[in-house]
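Visitor: show me how the following folds:
(2 chains)
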Amino acid sequence: MVVDVLIVTNRLDLPTDRLCDRLSSLGKSFLRCNREDMSSFAFEMDPLEPSLRCRFQETEWTIDGSLKSVWWRQPTFRRIAPEQLPTPAEQLEESQWSAFMRGLSVFNHARWFNSPAATYQAESKLFQLRIAAEIGFDIPITRVTNDPNAEIDLTVGSQIALKSIDTVYLTSGSFQQFGYTQLVDWDTCADANFHLVPAMCQAVVQDKIDLRVTVAGDQIWCDAVLNSGHGIDGDWRLIKRDRLEYRTFDLPDQIVKQIQLLMTSLNLNFGAIDLALAQDKFWFIEINPTGEWGWLDRAGRGIAEGIAHELGH
Amino acid sequence: MRLYFNKTIATLRLLDRGRLHMHVLQKLALRTPRNATTLRQDSEYDTVRGVWLLPEGSLVADDPDEERTSKKNDVETGEDLKGQ
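Guide: Presented below is the predicted three-dimensional model:
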């Protein structure tokens, strides 16, 4: 069959299962390639045409100039050091399949959600803050520093929202550590080790309501994240899951326009944006080019259907 | 007994020294047991349809009892594949 939508992900990406199901319902043909399953497919690519033939048992797919879109859910950065040094065969497998998957960018006429190059750039928190500022979003005062003598208490405040400038996900043996935004006193965090890595110090947004905006093509969903009906101080992800509730939120037209401009400026067709509503302003916090959406796709929300529609459009 | 005590003190000192040289981002990072994302034993992956299926043929992803439709509902590892 000739493929409308190419999906590049991993086996445990369950929200993408829903996309595949909804694409089938829409009558769109697709090929789902999971990173772990690549060698169980038989591929043959002509990068000049470009075209790709893929076979799995009795099924054969063809990708050519009629490909409409690519749903790309692959990591841009490697953040976990392997516990054991991979064998030469594993190293070869990793490097060559990764390159093959990146090489799917030969289908550059298709609409990418998102292109690896755009994701790479947009994953920089500092870059996205700069672009959001240019567009006119309100952004909390921000400093990035490893200088314990920086006058953060004067420029940002004595209490700050301390953030990493990239995901902090550390593993050690049978434990993992994940970094959340923490509200801390500058005096206590600017210790003798503060110079070891750069960190982001942001002004605390008080009395906020967290908003999660999911964007796919022309479609936008916005949810307020609440704890027992109220806004949450600090990082809402630290609140127990069963106390969180998600409510549909209508964004003002002006903010929707800014979001669309942000997506265009970052060359993204998909993004999960964190905003904070406080003091009648919509503060831009960050955008995740590969952000999760399955947790917000409750019954009737239609996110999977909406993304499938965009992919098959 | 004395040897055991001395070894324990030495270990604690080492741990302290490690923490002494720890950046605040590492100190404040939430530490939890590491557990792999797994699916129900009786689910089966359909490569052509691109979905995990329960024995009765419905999608694992649409199963209200299956909370792992996203890593947000599992172990917090950040956004999709950020930890990879």
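Visitor: ok, now how distant is A:I139 from A:N114?
Guide: Distance of A:I139 to A:N114, given as C-beta to C-beta, to the nearest Å: 22 Å. (Each C-beta comes from the backbone N, C-alpha and C, glycine too.)
Visitor: tell me the predicted confidence for the nearest residue to A:A42 once chain neighbours are set aside.
Guide: Closest residue to A:A42 in three dimensions, ignoring its sequence neighbours and counting by C-beta to C-beta, 6 or more residues apart in numbering or on different chains: A:R55, at 4.3 Å. On pLDDT, A:R55 comes in at 98.
Visitor: phi, psi for A:I285 please.
Guide: Backbone geometry at A:I285, expressed as degrees, to the nearest 10, gives phi -100, psi -60.
Visitor: against A:D297, how distant is B:Y45?
Guide: According to C-beta to C-beta, B:Y45 and A:D297 sit 21 Å apart.
Visitor: pLDDT below threshold where in chain A?
Guide: A:79-81 (pLDDT under 70).
Visitor: now the helices for chain B?
Guide: Secondary structure of chain B by DSSP state H: the helices cover B:2-20, B:24-28.
Visitor: next, A:E245: phi, psi?
Guide: According to degrees, to the nearest 10, A:E245 has phi -130, psi 150.
Visitor: which strands and helices sit next to the one helix or strand A:E134 maps to?
Guide: For A:E134, the host element (DSSP states H and E) is helix A:125-135. Counting contacts by 3 or more C-beta pairs under 8 Å, 6 or more residues apart in numbering or on different chains; DSSP states H and E, helix A:125-135 is packed against helix A:253-265, strand A:281-288.
Visitor: next helix or strand past the longest one?
Guide: In other words, helix A:253-265. Going down the chain from helix A:253-265, the next helix or strand is strand A:270-278, by DSSP H and E.
Visitor: got the contact list for that next one?
Guide: A:113-114, A:122, A:205-217, A:224, A:255, A:259, A:262-263, A:282-293, A:307, B:79 (C-beta atoms under 8 Å, 6 or more residues apart in numbering or on different chains).
Visitor: buried subset of those?
Guide: The neighbour-count test (16 or more other C-beta atoms under 10 Å in any protein chain shown) marks A:113-114, A:122, A:205, A:208-217, A:224, A:255, A:259, A:262-263, A:282-293, A:307, B:79 as buried among the contacts of strand A:270-278.
Visitor: worst mean pLDDT among the helices of chain B?
Guide: When the helices of chain B are ranked by mean pLDDT, helix B:2-20 comes last with a mean of 57.
Visitor: what about the residue nearest to A:A42, how many neighbours?
Guide: For A:R55, the count of nearby residues is 12 (other C-beta atoms under 10 Å in any protein chain shown).
Visitor: roughly how far apart are it and chain B?
Guide: 11 Å (C-beta to the nearest C-beta, to the nearest Å).
Visitor: name the element that residue belongs to?
Guide: Applying DSSP H and E, one finds A:R55 within strand A:51-56.
Visitor: past that strand, which element shows up next along the chain?
Guide: Remark: after strand A:51-56, the chain's next helix or strand is strand A:59-63, criterion DSSP H and E.
Visitor: in the helix or strand just after that next one, what's buried?
Guide: For strand A:59-63, the succeeding helix or strand toward the C-terminus, using DSSP H and E, is strand A:69-72. For strand A:69-72, a neighbour-count test (16+ other C-beta under 10 Å) marks A:69-72 as buried.
Visitor: now stretch A:56-66
Guide: Neighbour-count burial for stretch A:56-66 flags A:61, A:63 (criterion: 16+ other C-beta under 10 Å).
Visitor: fine by me, thanks again.
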